[in-house]
Every structure is written in structure tokens, then in C-alpha cells.
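Q: take a look and give me a structure for this.
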Amino acid sequence: MADKRIFNFSAGPSMLPEEVLRTASEQMLNYKGSGMSVMEMSHRSSAYDQIIKEAQRRLRALLQIPDNYKVLFLQGGASTQFSAIPMNLLRSGSADYVITGHFANLAYKEATKYGAIQVAGSTQEENFSRIPTQEELQLRKDADYVYLCSNNTIYGTQWKYVPQTQGVPIVADMSSDILSRTIDVSQYGLIFAGAQKNMGIAGVTVVIVREDLLGFQLAGTPTMLNYQIMADKDSMYNTPPTYAIYILGLVLEWIERQGGLEAIEARNERKAKLLYDYLDSSTFYQAAAQKQDRSLMNVTFCTPSKELDALFVSESIKAGMSNLKGHRAVGGIRASIYNAMPMEGVEHLVAFMKAFEATNGGR
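A: Numbers count the residues shown, from 1 in each chain. Take a look at the predicted model:
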């Protein structure tokens, strides 16, 4: 059993494609004849220069990033961007935040340290079970930016539309759904994402920022949080997270082999449909998110009791699955089915759910 891989439903760090792991294993001691691991390689070497440039090229191609956007590979995790964004983008000192879950709320609280930040919409009173509609958003014409989190890992909701903001740049935290579907980058002023869900391993955060938003950082902005400096230095102001960027490049290459984002999106929709269709047909399980805003990445649900939730999680481990326990803030069960989760994993989960319901449905 020790060498048998399980179906890992972790919300992050999450599972990686096996092809990526095999390639990284094969290249661990000797990367393409260099005689060393990427872990040991100077970030100023020609070999590594090719790795980081290829990663950026593949990302630009997959997302069709316009030429007037910079791609930055940064450190500190996505949470560091909660501070960096207001430091770099606040010009007049005001911004609108849409609160649809835990991480959007953390970003909002951090931003209030730097300017007049308004909650432009929230579904907290409904336990974040849905995304606000366009009509519910209270957006200011003179805000410096509008902030949203495109997919909410804890509550299992996802934005299905891009809000109309009357020209105000949209900042989107896409940590848990970037590269899972096609998007129009030009509809956003800035996109950021931690890599450890759909792009690779923890350690690198990708920031995609429109060039006309650069150069307005607040006085006193730390050098390491200054987008203009990082852009000018091509993410190489200091030693970047070299191995994490290497893995990112391998994941991008894998996505290309799957047929690109259109093929990935279609597969993700099929996986989610299989799971949601069963949830909707069951009287035993209850889905947490409202139908119109359900996430393709994080499926949240519960059984009739906390005791059965706990039993479900413990039994699922015996059945070759892991990390199905819901976030501590909400409890229940959560299945994260990111790009690397194969259809077989979702089929295995649904079969387990049916068996568990048959055994425990009368309790």
C-alpha cells in the first residue's frame, strides 16, 4: 500500500498530474544534462533563464495574455498580495471589495490599513452560499479598483460572470480556479494566484498586471512588494522560487498536452456534473452552494449529522481517498477536484458516496 497513490481531494496544496511528478523525478539529479538538479541551479545561469522564460511563454500562450500585461513570479503566497495590491493600486485611496468568502474578507481587512475601502457586496448573511448579482453590487465610479475572489474554496462558490464596473479595473484572486477554464484576461486589471492548487507547488505566486496600473505605489512600499520593480527586473530582483517555477512550467506543458484550456474546462465540467448530479438526486447529502454559483473546483456538502460527516471522512480514508474533511470554519465535506484530479477519482468518490448512503441512510 505504501507505493500506491490515493485520490487526493485536498484544497491545497493539491494533487499534481502524475506525468509532472514522473518528469520531475527523472530530472531530479540531472536536469537535461546539466549535471545538477534545478534545486541546485543558479537563477542567473543560462539553463535556468530558459526555464523561467519558457514558463512565462507557456502561461502567456495558454491564457492568451495581451502584450500590455506583465507576468510576475513572486514569493510570499497569495496572502502577501492582500497587502501588495492596495500598496500598488491605490491612487485616490479608495477601492471596492466584494466579500464572497473567507479569503476575500481577509483581503478586505488588510486593504483597510491603506485606504477608504468599501464593501461593495457580500453574501455573508447567507453563509456565502452564492455570489452577489450585478444588481446587488454597490460600485463606485471613482474607485481605484474592484476586488473579487473568483472561486471560494471553503464555501464552494464561483463567479460565473465578470461584473460591469464602468471602467474601474477588476482585481481578481484566481488562486483556486486559474487555468481551469478559459478567461479573457483583458477584462481584468490584475489577476493573481498562488500556484499550489492548479498550477504547481507552494512557493510561487503569479501576478498578471496591466502595465498602465504600474508605477503608482504608495510611499514606503517595500521593495519586495513593489510591482514596478519586480516587473523591471523580470521577477529576478532577488532569487526567485526557482523549483516552484520549474514545476509550474511542467504543469503548463501538461495542460498543453491535454489540449489547452478549452479541453481542461470541458473535462472539469464533466467531473463537476457527475458529482453535483448525484448530490441533487440524493436525499441523504445536502450541497452547500446554491446551484447557479456552484464551483467546478471545490464541491461542498454534508450528511444529515456531524457524526456522519466524521464517519464519512474516516471511511473515505480507508477507501483510498484523502482530505475530504470540510474546512474547519464550516465543517461538512469538501471535494476539491482541480485539473489534476482524473475522472476516475470522481467516479470513485461517487461510488463510495452511494455505498455510504446505502449503509447509513437510515441512521
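
Q: so residue 166 touches residue 140, yeah?
A: No - the criterion here is Cβ atoms under 8 Å, and residue 166 misses it with residue 140 at 9.1 Å. Placement of C-beta: from N, CA and C, glycine included.

Q: which one of the two has more residues nearby?
A: The residue with more neighbours, out of residue 166 and residue 140, is residue 140; 17 against 10, by other Cβ atoms under 10 Å.

Q: how about that one, secondary structure?
A: Here residue 140 is recorded as coil under DSSP: H, G, I helix; E, B strand; the rest coil.

Q: quick one: it from residue 105, how far?
A: Per Cβ to Cβ, to the nearest Å, residue 140 is found 19 Å from residue 105.

Q: next one: residue 14
A: Applying Cβ to Cβ to residue 14 and residue 105 gives a distance of 22 Å.

Q: neighbour count winner among the two?
A: Counted by other Cβ under 10 Å, residue 14 and residue 105 do not tie: residue 14 has more neighbours, with 24 against 17.

Q: thought the more buried one was touching residue 195?
A: No - the pair residue 14 and residue 195 fails to qualify as a contact (Cβ under 8 Å) at a distance of 10.2 Å.

Q: who's in contact with the residue nearest the centre of the chain?
A: Nearest to the mean C-alpha position of the chain, by Cα atoms, centre = their mean, lies residue 176 at 1.8 Å. Residues near residue 176 by Cβ atoms under 8 Å, 6 or more residues apart in numbering: 11-12, 150-153, 193, 197-198, 297-298, 336, 338.

Q: same question, residue 181
A: Each residue near residue 181 by Cβ under 8 Å, 6+ apart is listed here: 261, 264-265, 268, 296.

Q: cool, and residue 92?
A: Counting by Cβ under 8 Å, 6+ apart, residue 92 has contacts 142-144.

Q: about what we covered before: out of the contacts of residue 176, which is nearest to residue 78?
A: For the contacts of residue 176, the minimum distance to residue 78 (Cβ to Cβ) is 6.5 Å, reached by residue 193.

Q: that's a strand at the closest one, yeah?
A: Yes - per three-state DSSP, residue 193 lies within a strand segment.

Q: tell me how far it lies from residue 213.
A: On the measure of Cβ to Cβ, residue 193 and residue 213 end up 17 Å apart.

Q: same question, residue 105
A: Taken as Cβ to Cβ, the span from residue 105 to residue 213 is 24 Å.

Q: again with residue 248
A: Distance of residue 248 to residue 213, computed by Cβ to Cβ: 23 Å.

Q: same check on residue 276?
A: 37 Å.

Q: how close does the residue nearest to the centre of the chain sit to residue 339?
A: 11 Å.

Q: likewise residue 89?
A: Taking Cβ to Cβ, one finds residue 89 at 29 Å from residue 339.

Q: ok, so of the contacts of residue 92, who is nearest residue 101?
A: Within those, the smallest distance to residue 101 is 20.7 Å, found for residue 143 (Cβ to Cβ).

Q: for that closest one, pull up the helix or strand it's in.
A: Take DSSP states H and E as the rule and residue 143 turns out to sit in neither a helix nor a strand.

Q: I'd guessed residue 229 sits against residue 215; true?
A: No - applying Cβ under 8 Å, one finds residue 229 not in contact with residue 215, separated by 10.1 Å.

Q: the more surrounded of these two?
A: Neighbour count, other Cβ under 10 Å: between residue 229 and residue 215, residue 229 has more, with 15 against 12.

Q: so how many other residues sit close to the closest residue to residue 321 other than its chain neighbours?
A: Excluding the flanking residues, the one nearest residue 321 by Cβ to Cβ, 6 or more residues apart in numbering is residue 7, at 4.8 Å. Around residue 7 there are 23 other residues, counting by other Cβ under 10 Å.

Q: ok, residue 335 next?
A: Counted with other Cβ under 10 Å, residues neighbouring residue 335 total 28.

Q: phi, psi of it?
A: Here is the backbone geometry of residue 335 (degrees, to the nearest 10): phi -110, psi 110.

Q: could you do the one 10 residues further on as well?
A: Phi and psi for residue 345, reported as degrees, to the nearest 10, are phi -70, psi -40.

Q: got a list of what residue 140 touches?
A: 94, 96, 118, 120, 168.

Q: quick one: those as CSV, columns for distance to residue 332 and secondary structure too.
A: Output for these, formatted as CSV (distance: Cβ to Cβ, whole Å; DSSP: H, G, I helix; E, B strand; the rest coil):
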residue, distance to residue 332, secondary structure
94, 37, strand
96, 31, strand
118, 31, strand
120, 28, strand
168, 36, coil
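
Q: of all those residues, which two lie farthest apart?
A: 118 and 168 (12.0 Å).
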